[in-house]
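>>> sequence and predicted structure below; questions after.
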Amino acid sequence: MRVLLVLFAVFVALTLAGAGGGATRGALAEVDRTIYSPAVAGRLGLEIYLPAAYARSTRRYPVIYFLHGLPATSTAYRGSRFVADALARTGREAIVVAPQGARAGDTDPEYLDWGGGRNWETALDRNVVDYVDQHYRTIPTRRGRALLGLSAGGYGAMLLTLHHLDAFSVVESWSGYFHPTDPTGLHALDLGSAGRNARSSAHSYVPVLRRATARHPTLIAFYVGRDDDRFRDENERFDRELRAAHIPHVFAVYAGGHAQRVWAQHAASWLGLALNHLARPR
């Protein structure tokens, strides 16, 4: 634990130094889009934030995908503005995409594929990523993509990345968890079979992660609040599992609970950490 926190302090220092290196600071341009997603048999909203210089540049940019918490309404993705604001404060440049992860009648899908027009994982990994790469000047490789999320979005980000290491090279979970839960976050969901339960748990992937990340180098990073009574224990368990398997990762425990104040306070440094491991704008 102490070594990981020291390493994280170094990452933060590098991030802050990079922000002072002459990069242009400024608000990101906001674009609200809806796209058709075959995976969910309907339209999905996207809040897209473009670098201030995007319109007058020909450069390509890395993309930070950010998943909101659950249960949620169909417009919860619009609450991710604080992420774009934090990125702007760092002076670093990237595209931020906050996709819709819930809708009326399906408020807590846990970012999983359920079948029958409820395939949220496929919607994000294929439909959303494909749309963004086709319509914006992205760096369309795994080195140009990070998947981040808070609370249930942190679970979704971790699981989707573990399922699609060929698509994302950075994953961060902010106060997330590592197996699907009911809307209270207190009880595990039973998906109906041992195989489906294993596939939906990040813990199941630890034994194969060392070899998988050797082929696809990936930043795995997560944090939790010290007073987060629901999710602190599982975060510490996941940290122990990764350390026992000798899988490099970053883990931190911060003052506070499961609250917006914690996420806002640490957003800039954790966005910088992600960008330190992504391809630079070019």
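Looks like it came in fine.

>>> tally of neighbours for residue 71?
Number of residues near residue 71 (other Cβ atoms under 10 Å) recorded here: 16. Just so you know, the C-beta spots here come from the backbone N, C-alpha and C atoms, and that holds for glycine as well.

>>> same deal with residue 116?
Applying other Cβ under 10 Å, we find 7 other residues in the vicinity of residue 116.

>>> residues in contact with it?
Neighbour list for residue 116: empty [criterion: Cβ atoms under 8 Å, 6 or more residues apart in numbering].

>>> quick check on it: phi, psi?
Backbone torsions for residue 116, taken as degrees, to the nearest 10, come to phi 60, psi 40.

>>> I'd assumed residue 145 was in contact with residue 169.
Yes. Between residue 169 and residue 145 there is a contact under Cβ atoms under 8 Å: 6.6 Å.

>>> hey, what's in contact with both of these two?
residue 278.

>>> and the lowest mean pLDDT element among the helices and strands of this structure?
Least confident element among the helices and strands of the chain, by mean pLDDT, DSSP states H and E: helix 2-19 (a mean of 45).

>>> do a quick rundown of the helices in the protein.
Applying DSSP state H to the chain gives helices spanning 2-19, 81-90, 120-122, 129-135, 152-163, 194-199, 206-215, 232-244, 260-276.

>>> any idea which of those scores lowest on pLDDT?
Note on these: lowest mean pLDDT is at helix 2-19, with a mean of 45.

>>> one step back: nearest to residue 253, out of the helices of the chain?
For residue 253, the closest of the helices of the chain is helix 232-244, at 7.1 Å, according to Cβ to Cβ.

>>> buried ones in that closest one?
232, 234, 235, 238, 239, 241, 242 (16 or more other Cβ atoms under 10 Å).

>>> ok, residues contacting it?
1, 4, 176-179, 202-203, 206, 209, 220, 222-226, 228, 249, 251, 253.

>>> same thing but 6 Å
Here helix 232-244 makes contact (Cβ atoms under 6 Å, 6 or more residues apart in numbering) with 177, 178, 206, 224, 249, 251.

>>> from the residues you listed, which two are the most distant?
206 and 224 (17.6 Å).

>>> these two: which has the busier surroundings?
The neighbour count for residue 206 versus residue 224, taken as other Cβ under 10 Å, is higher for residue 224 (29 against 17).

>>> burial measure for the closest residue to residue 202 other than its chain neighbours, as a count.
Take residue 202 and drop its neighbours on the chain: the residue closest to it by Cβ to Cβ, 6 or more residues apart in numbering is residue 178, 3.9 Å away. Residue 178 has 25 neighbours, counted by other Cβ under 10 Å.

>>> could you do residue 108 as well?
Residue 108: 18 surrounding residues under other Cβ under 10 Å.

>>> from residue 32, how far out is the residue nearest to it when sequence neighbours are not counted?
Of all residues not flanking residue 108 in the chain, residue 71 sits nearest, at 4.1 Å (Cβ to Cβ, 6+ apart). Note on residue 71: its distance to residue 32, by Cβ to Cβ, to the nearest Å, is 22 Å.

>>> cool, residue 124 as well?
Remark: distance between residue 124 and residue 32 (Cβ to Cβ) = 18 Å.

>>> please apply the same query to residue 215.
Residue 215 is 37 Å from residue 32, where distance means Cβ to Cβ.

>>> next one: residue 94
In terms of Cβ to Cβ, residue 94 sits 18 Å off from residue 32.

>>> these two: which has the busier surroundings?
Taking residue 94 and residue 32 together and counting by other Cβ under 10 Å, residue 94 has the greater number of neighbours (26 against 10).

>>> quick one, what contacts the more buried one?
Residues counted as contacts of residue 94 (Cβ under 6 Å, 6+ apart) are 61, 62, 64.

>>> can you list the residues you listed in TSV and add distance to residue 37?
What follows is the contacts of residue 94, written out as TSV (distance: Cβ to Cβ, whole Å):
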residue	distance to residue 37
61	23
62	23
64	20
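
>>> among those residues, which are located in strands?
The strands, defined by DSSP state E, take in residue 64 from the contacts of residue 94.

>>> and stretch 81-99, how far apart are its ends?
Start-to-end span of stretch 81-99 (Cα to Cα, to the nearest Å) is 12 Å.

>>> I misspoke; the intended subject was stretch 149-168.
Note: stretch 149-168 ends 13 Å apart using Cα to Cα.
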